[in-house]
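A.B. asks: I need the structure of the sequence given here:
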Amino acid sequence: MHTADSDPLQDLLTAVARGDEAAFARLYDAVSARVFGLVLRIVADQTLAEEVTQETFLDVWRRAGGFDPAKGSGLSWIFTIAHRRSVDRVRSVVAARKRDAAYGVQHQDRDFDSTVDVVTERLDAERVRGAMGRMSQVQREAVELAYFGGLSHAQVAAELGIALGTAKSRIRDGLLCLRGVLGGEA
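C.D. replies: Numbering: from 1, shown residues only. The predicted structure follows:
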């Protein structure tokens, strides 16, 4: 089909331009590994390289009639398509990353001044400590074990060596005292 001095890809591209699927398969087998290698060097991502290689061969199938052997070899024509597609994909990925980063900067939650929260927590803690100072010793002891020690009512009773009902009463009375001192907030 081709002469000794002609480009074998030229003959395949001519056949592909006429819609010859077998010629396209031979063309693909002849150059796909080299095209993939070129694309992979440019996009530096295996998955993207596979996609761009596929898009390149789709372009070759569609545009084979536009191949002009006077302007260069079949391989250089295919490489030009692959290179352009690769560069376009890299630009697209970079632009998408920039858009995502800009969106993230514009829509991130703003940090707030935590000083107000720290001061409020400290003032609340001082008010609670002051209110606990107004409880009886037995109430304070039961409340501290239950709320600051994380013990259940039964565990408070066991820890203090008192009946469960007594532990519950001391805790309830201590909380009522807190509520009275803190103005109904407890």
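A.B. asks: which element is the most centrally placed residue in the chain on?
C.D. replies: Residue closest to the mean C-alpha point of the chain, counted by CA atoms, centre = their mean, is residue 100 at 11.0 Å. Assigned by DSSP states H and E, residue 100 falls within helix 74-107.
A.B. asks: So which elements touch that helix?
C.D. replies: Under the contact criterion of 3 or more CB pairs under 8 Å, 6 or more residues apart in numbering; DSSP states H and E, helix 74-107 touches helix 8-17, helix 21-43, helix 46-63. No exception for glycine: its C-beta is placed from N, CA and C like everyone else's.
A.B. asks: Let me see the contact set for residue 9.
C.D. replies: Contact analysis of residue 9 by CB atoms under 8 Å, 6 or more residues apart in numbering lists 27, 30, 31, 73, 74, 75, 78.
A.B. asks: Using the record's domain definitions, break the protein down for me.
C.D. replies: 8-107, 129-182 (automatic domain parsing).
A.B. asks: quick one: terminal-to-terminal distance for the shortest one?
C.D. replies: Meaning domain 129-182. One end of domain 129-182 sits 11 Å from the other (CA to CA, to the nearest Å).
A.B. asks: just to revisit the earlier point, just the buried residues of the helix holding residue 100, please?
C.D. replies: 74, 75, 77, 78, 79, 81, 82, 83, 85, 86, 89, 90 (16 or more other CB atoms under 10 Å).
A.B. asks: average pLDDT for it?
C.D. replies: Per-residue pLDDT over helix 74-107 has a mean of 89.
A.B. asks: could you say what helices and strands the following helix or strand past that helix packs with?
C.D. replies: Next in sequence after helix 74-107, counting helices and strands by DSSP H and E, comes helix 114-132. Under the contact definition 3+ CB pairs under 8 Å, 6+ apart, helix 114-132 sits against helix 164-182.
A.B. asks: can you list contacts of the helix it packs on?
C.D. replies: So helix 164-182 is contacted by 127-128, 130-132, 134-136, 138-143, 146, 153-154, 156-157, 160, 162, 185-186 (CB under 8 Å, 6+ apart).
A.B. asks: now, which of these lie within helices?
C.D. replies: Of the contacts of helix 164-182, the ones assigned to helices by DSSP state H are 127-128, 130-132, 138-143, 153-154, 156-157, 160.
A.B. asks: could you flag which of those residues are buried?
C.D. replies: Neighbour counting by 16+ other CB under 10 Å classes 127-128, 131-132, 138-143, 153, 156-157, 160 among these as buried.
A.B. asks: Tell me the one of these nearest residue 50?
C.D. replies: residue 128 (63.2 Å; CB to CB).
A.B. asks: How much space separates the closest one from residue 150?
C.D. replies: 16 Å (CB to CB, to the nearest Å).
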